[in-house]
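I'd like to go over a predicted model; first the sequence, then the structure.
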Amino acid sequence: MLDYHLHLWPHAQREAESTVEQVAAYCEQATAAGVSEIAVTEHLFRFTQARDLLWGFWETDPERALHAGMAAYWDHHAHVDLDDYVTVVEAVKMEGLPVVCGLEVDYYEGRMDEVSALLAGYPFDVLLGSVHWLGAWRFDVLDDPLTMAEWDARRVDEVWDAYTRAMEELAASGACDVFAHPDLVKVAGRRPDVPDEWYDRIAEAAVVSGMAAELSSAGWRKPVGEEYPAPPLLRRFVERGVPLTTASDAHALPEVAHRAGALRRLLEGAGVTELRGYRSRRPHAVALSAAVGR
Ligand SMILES: [Zn+2]
Ligand SMILES: [Zn+2]
């Protein structure tokens, strides 16, 4: 088992720093849970380098009422130096602990070449690609009344369509290696009656781009109460040969390797025997049985 989606800091924490001790503790907890390797994948928007490059991207969204919320969100989060983060994770890796260095990268419409150029300056092992935002709408920040007002104002089909289009464009950009939480758009529990068309398109985007997809326990901690991706989407990935990682999307030590054993049983039930790991953004196979999740 892998835990290839880990954050060092909860969203509520504004100021943050990377430490060798914290990354080493993540490795220890993962190993104890039967996970053979972790990837630390902090949000790109945590870093001052992202702030310098991307600040204000939301202003192209005609929904001006959403701009201030996104600006405040970025102002809250973007305080860490990317060089320090990479140095710390690499140092732990060099000690021989089972960790690789990654990031969780959002989709920025029309800006992914600039994002890739920034990231090319760092020795990342794996880059997760995510869609958390549609324009300036942070659709997964469910404790924000503005977010929920948008959920009430928009048609569910249209939201899923816009999400899927962003996923397709993210995949086509070639900027990332793994789709994080591939059906995150279900997070609030609002789904179309027949989501097949969108599942087909997300699976197709993975196949065409060569991206892997993660199976994540994070959805079990959200209102939707279901792993990402939903069983019909996981089935499509498996049938079409899309490589898989496993992930907790922990934002603190107690969540590291959360329900790794349950993820393993889902994969075994789907006939999956192999996961995908990464070094220097090059993939390799990891036997599902390499370590046994609880
Ligand atoms: Zn995410
Ligand atoms: Zn995440």
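Thanks, I have the structure now. Ligands and ions are numbered 1, 2, ... in the order given.

which bits of the stretch 101-250 of the chain sit near ligand 2?
The stretch 101-250 of the chain comes close to ligand 2 at residues 104, 249, as judged by C-beta under 5 Å from the ion. All C-beta spots, glycine's among them, are computed from the backbone N, C-alpha and C.

for the stretch 101-250 of the chain, what spans make up the helices?
For the stretch 101-250 of the chain, helices defined by DSSP state H, counting those that start in this stretch occupy the ranges 112-119, 145-153, 156-173, 196-209, 231-239.

now the closest residue to ligand 2 within the stretch 151-294 of the chain. Nearest residue, chain neighbours left out?
Relative to ligand 2, the nearest point of the stretch 151-294 of the chain is residue 249 (4.4 Å; C-beta to the ion). Setting aside the residues directly before and after it, residue 249 is nearest to residue 218 in space (C-beta to C-beta, 6 or more residues apart in numbering), at 3.7 Å.

how deep is the one you found tucked in, by neighbour count?
Around residue 218 there are 23 other residues, counting by other C-beta atoms under 10 Å.

now do the one 4 residues further on
Neighbourhood size, residue 222 [other C-beta under 10 Å]: 18.

same list (the helices of the stretch 101-250 of the chain) but as CSV, adding mean neighbour count and distance to residue 28.
CSV is the format used below for these (neighbours: other C-beta atoms under 10 Å; distance: least, C-beta to C-beta, whole Å):
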stretch, mean neighbour count, distance to residue 28
helix 112-119, 16, 28
helix 145-153, 13, 36
helix 156-173, 19, 33
helix 196-209, 19, 32
helix 231-239, 18, 30
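
I'd like those helices as a markdown table, with mean pLDDT appended.
Shown next, in a markdown table, are those (pLDDT from 0 to 100):
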| stretch | mean pLDDT |
| --- | --- |
| helix 112-119 | 98 |
| helix 145-153 | 96 |
| helix 156-173 | 98 |
| helix 196-209 | 98 |
| helix 231-239 | 98 |
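
contacting residues around the residue nearest to residue 249?
By C-beta atoms under 8 Å, 6 or more residues apart in numbering, the contact set of residue 218 is 5, 181, 228, 247, 248, 249, 258.

all good on my end, thank you.
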